[in-house]
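Enquirer: Give me a 3D structure for the following:
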Amino acid sequence: MRLSTTAFHLALAVTLLVMPATAQSPSQSPPPQSDIEGIVLGESASALIARLGEPLLVRVQVSGGVSESDYLYINSYGNALLFVHILRGNVAGVSMKLVPSPSPSAANAPVPSALGIGLGDPASEIEALPKNELISLNASEGDVVSTYRGQNNWEYMFTNTDDKVAWIEVYLMPSALKKLPSLPDPTLHDGKSLANAIALVAPSEKIAVQAEYTYVAAHPCTDNGEWHGTRAPVIRRSGRTYDELLARCSTDGTRRSFYFETTGIPGAIRGL
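Expert: Numbering: from 1, shown residues only. From the prediction side, this is the model:
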């Protein structure tokens, strides 16, 4: 299977560039809702990784001397990108956007939603939300961002672009953020060796492969080049399974392997 990531690489790069800045938001006690797309607000980053696997990209920002990170995942249907916002080692919120070019099966799957509004829905759905829960309404460069307070004391932000819901963001509110403990950052792997394989968690082999493509696309090589290559036979070690992607950089010819641990993913034992 060829590893050319041209279209996906460009689409993902644009997505990352236009990703809204982390909101200075989200009210009070921990929300009763357990999760959104499998992500539990207020839990530790370590607990998140233990359940969803390692992120496909980590972007670190420093604001006011405070370091914040965004962890990139794809959802279980493979039709949305999830940017999990990490503050002091805790999950503070999540931003969600549709994948630029989903597969036909993913395109027909349920999309992430909040307060009954899904990604891609008409903007009129946002306007139908209770006006007494509206916190703010801001317009900038053609985008309209509506912020609502949920009954669970989460803060919901909907970005309307071209009359469609382009982003959904959910955050803990300020008083809840202040109560989050300071936890150590979890240890992450770089995928450069079998011992440092990136641990993936996925509901199927297909989603695992998509996650691997996403990881490669999000980590360009020299001079923003692309990785091209092939998938090596599945590796089995001590009851665990691994994928190895043999890649070559399009700009300077550098070669490297990307290693992913796929133990426990349905179908992974058969190879890819």
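Enquirer: How much space separates Gln151 from Glu133?
Expert: According to CB to CB, to the nearest Å, Gln151 stands 8 Å off from Glu133. In short, each C-beta sits where N, CA and C put it, glycine included.
Enquirer: nope, Gly78 is what I was after
Expert: 32 Å.
Enquirer: do the same with Arg240
Expert: 48 Å.
Enquirer: Check Arg255 too.
Expert: In terms of CB to CB, Arg255 sits 54 Å off from Glu133.
Enquirer: so where's this protein shaky on pLDDT?
Expert: 1-34, 268-272 (pLDDT under 70).
Enquirer: what do you get if the cut-off is 50, keeping everything else the same?
Expert: 1-2, 4-10, 13-14, 17, 22-32, 270-272 (pLDDT under 50).
Enquirer: how's it carved up into domains?
Expert: Here the domain parsing of the chain from automatic domain parsing is 6-178, 198-270.
Enquirer: Redo those domains as a markdown table? Include distance to Gly191.
Expert: Formatted as a markdown table, the domains of the chain follow (distance: least, CB to CB, whole Å):
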| stretch | distance to Gly191 |
| --- | --- |
| domain 6-178 | 9 |
| domain 198-270 | 4 |
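Enquirer: Tell me which of those domains approaches Asp190 most closely.
Expert: Nearest of those to Asp190, taken as CB to CB: domain 198-270 at 7.7 Å.
Enquirer: How far off centre is that closest one?
Expert: 17 Å (CA atoms, centre = their mean, to the nearest Å).
Enquirer: what's the answer for stretch 158-165, then?
Expert: 19 Å.
Enquirer: Which of Gly78 and Glu133 has more residues huddled nearby?
Expert: Gly78 (23 against 13; other CB atoms under 10 Å).
Enquirer: pull the longest helix from the chain.
Expert: helix 205-218 (DSSP state H).
Enquirer: And the next helix or strand after that helix, what does it pack against?
Expert: Once the chain leaves helix 205-218, the next helix or strand it forms, by DSSP states H and E, is strand 227-231. In terms of contacts (3 or more CB pairs under 8 Å, 6 or more residues apart in numbering; DSSP states H and E), strand 227-231 is packed against strand 240-249.
Enquirer: on contacts alone, who are the packing partners of the strand it packs on?
Expert: Taking 3+ CB pairs under 8 Å, 6+ apart as the contact cut, strand 240-249 packs with helix 205-218, strand 227-231, strand 235-237, strand 255-261.
Enquirer: Let me have the ones you listed in a markdown table, extended by distance to Ser95 and mean neighbour count.
Expert: Converted to a markdown table, these look like this (distance: least, CB to CB, whole Å; neighbours: other CB atoms under 10 Å):
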| stretch | distance to Ser95 | mean neighbour count |
| --- | --- | --- |
| helix 205-218 | 15 | 22 |
| strand 227-231 | 26 | 18 |
| strand 235-237 | 34 | 13 |
| strand 255-261 | 24 | 19 |
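Enquirer: Make TSV out of the ones you listed and add distance to His189.
Expert: Converted to TSV, those look like this (distance: least, CB to CB, whole Å):
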stretch	distance to His189
helix 205-218	11
strand 227-231	17
strand 235-237	15
strand 255-261	8
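Enquirer: how about the ones you listed, which one is nearest Leu188?
Expert: Nearest to Leu188, of those and by CB to CB, is helix 205-218 at 11.9 Å.
Enquirer: between the closest one and strand 227-231, how many degrees?
Expert: Relative orientation of helix 205-218 and strand 227-231, computed by axes from the mean of the first three to the mean of the last three CA atoms, to 10 degrees: 150 degrees.
Enquirer: would you put the C-alpha positions of helix 205-218 in PDB?
Expert: The C-alpha atoms that make up helix 205-218 are tabulated as PDB, following Å, rounded to 0.1, in the frame of the first residue of the first chain:
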ATOM      1  CA  GLU A 205      -8.000  -1.800  11.500                       C
ATOM      2  CA  LYS A 206      -9.400   0.800   9.100                       C
ATOM      3  CA  ILE A 207      -9.500   3.600  11.700                       C
ATOM      4  CA  ALA A 208      -6.000   2.500  12.800                       C
ATOM      5  CA  VAL A 209      -4.600   2.900   9.300                       C
ATOM      6  CA  GLN A 210      -6.300   6.300   9.000                       C
ATOM      7  CA  ALA A 211      -4.700   7.300  12.300                       C
ATOM      8  CA  GLU A 212      -1.300   6.300  10.900                       C
ATOM      9  CA  TYR A 213      -1.800   8.300   7.700                       C
ATOM     10  CA  THR A 214      -2.900  11.300   9.900                       C
ATOM     11  CA  TYR A 215       0.300  11.000  12.000                       C
ATOM     12  CA  VAL A 216       2.600  10.900   9.000                       C
ATOM     13  CA  ALA A 217       0.700  13.800   7.300                       C
ATOM     14  CA  ALA A 218       1.000  15.900  10.500                       C
END
